[in-house]
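Undergrad: Compute the structure for the input listed below.
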Amino acid sequence: MKKLFLTLAVALTALCASAKGNKIPVYAWSGYADNATEKSLTADFKAWKKHGVTGVCINAGMDMEKIRTASKAAKKAGLEYHAWVPTMTPSGKPKSWYTVNRLGESAYDNPPYVPYYTTLDPRNEEVKKFLTTTFEQIAEIPEVDYVQLDYIRYADVILARGLWDKYGLNMNGEYAKADFCYCNDCVAVFKKQSGIDITKVCDPSKIKEWAQFRCDAVTALVNHICDAVHAKGKKISADVFPGPKSYAEWMVRQQWNKWNLDAVFPMNYNDFYMEPASWVGKVTKEEAESLKGRNTLLYSGIFICHDWRNKDKVIDPENSGLLPSEIAEAVESSMAAGANGISIFTPNDMTEEHWAELEKVLKKLEK
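TA: Predicted coordinates for the structure are as follows:
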């Protein structure tokens, strides 16, 4: 009965959020600064709320005290709180918990791209227990509305096109160093299911069953965590790659349209894919269509260029993003495509000009 009421509530929220004349949900993704306090967080949250922000997603990791502090500050500011947690990248766990790439290297001590890509194996039972227990503890914090899963995936077997130059890579195929997981257990279970010894295959990227095996592993873990969080009476959201078919599925093994989430936040960062602002609406349409029949709210995530006046000199897409003049197109096209709201990364990168454009387009859409 509780699950039925939760489903109905989500459906009604989605209906109301998409209707004209109602306030459009706007979320803000932000980190937890080293010197942050409940007072400073409350001040930031109240300032963002004045610009139209209705909820915050704060990355306090798995630090329970920081999550308590930030969630209390959100409630003081009258905002919804998502406990944003990088899920599959904690360091310092037993080596057996980590994924192994096609070269036989463990992410424990040979992560691809960046040092923090120490990705856990979603099929590992100890990993499942650790993550489930952690998220249950977070869900028990009274002021937490949603547990939010980030990095709930394998490492990018192929990076977004805009990042190739940054890492000196030409990724016209799956990158062996970032192709996970080839641990003994995963290889053995896949062979038992499919009859294929993936270690004997010259080009594993051609084996559709192998790709699906990894997608299914992530889906099973997410839905196990969803059940645990829902059992605590809380909701669950996730930050995901765009698509899912066009990007998420083949880049990081996310078939997130199969996840039992209450809300999903696709990272529709157009500059990462070397696409114009108009692409945000196009990919949001795909995302909305992929969720038909599911009671999952969709919030289109947009990436902000802080130094927008010098964007033409910025090479790294992780320092790029939307200009103030592109905010309206990204937001309007997302909502027209079926999004329930938007999320901005990050509010600290929003200039006065960005905020002004956001307020203008929200006012227009909410009339």
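Undergrad: the strands in the stretch 1-150 of the chain, which residues?
TA: For the stretch 1-150 of the chain, the strands defined by DSSP state E, counting those that start in this stretch occupy 26-31, 55-59, 80-86, 146-150.
Undergrad: Show me what the mean pLDDT comes to for stretch 150-162.
TA: Mean pLDDT, computed over stretch 150-162, is 97.
Undergrad: Make TSV from the strands of the stretch 1-150 of the chain and add distance to residue 296 and mean neighbour count to it.
TA: C-beta: built from backbone N, CA, C; applies to glycine. Output for these, formatted as TSV (distance: least, CB to CB, whole Å; neighbours: other CB atoms under 10 Å):
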stretch	distance to residue 296	mean neighbour count
strand 26-31	15	22
strand 55-59	16	25
strand 80-86	14	25
strand 146-150	12	27
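Undergrad: now those strands in a markdown table, with distance to residue 206?
TA: Shown next, in a markdown table, are the strands of the stretch 1-150 of the chain (distance: least, CB to CB, whole Å):
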| stretch | distance to residue 206 |
| --- | --- |
| strand 26-31 | 36 |
| strand 55-59 | 37 |
| strand 80-86 | 31 |
| strand 146-150 | 30 |
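Undergrad: Of those strands, give the one that comes closest to residue 256.
TA: strand 146-150 (9.9 Å; CB to CB).
Undergrad: Pull out the buried positions in the helix or strand just after that closest one.
TA: Per DSSP states H and E, the first helix or strand lying C-terminal to strand 146-150 is helix 184-194. For helix 184-194, the neighbour count (16 or more other CB atoms under 10 Å) marks 186, 187, 190 as buried.
Undergrad: and of those residues, the nearest to residue 138?
TA: Scanning the buried residues of helix 184-194 for proximity to residue 138, where the rule is CB to CB, the winner is residue 186, at 27.7 Å.
Undergrad: On the pLDDT front, check residue 315 for me.
TA: pLDDT, residue 315: 83.
Undergrad: Torsion angles phi and psi at it?
TA: With angles defined as degrees, to the nearest 10, residue 315 sits at phi -100, psi -40.
Undergrad: any idea how far residue 326 is from it?
TA: 19 Å (CB to CB, to the nearest Å).
Undergrad: Quick check: which ranges of the stretch 151-300 of the chain have low pLDDT?
TA: Within the stretch 151-300 of the chain, no stretch has pLDDT under 70.
Undergrad: Please consider this matter closed, and thank you.
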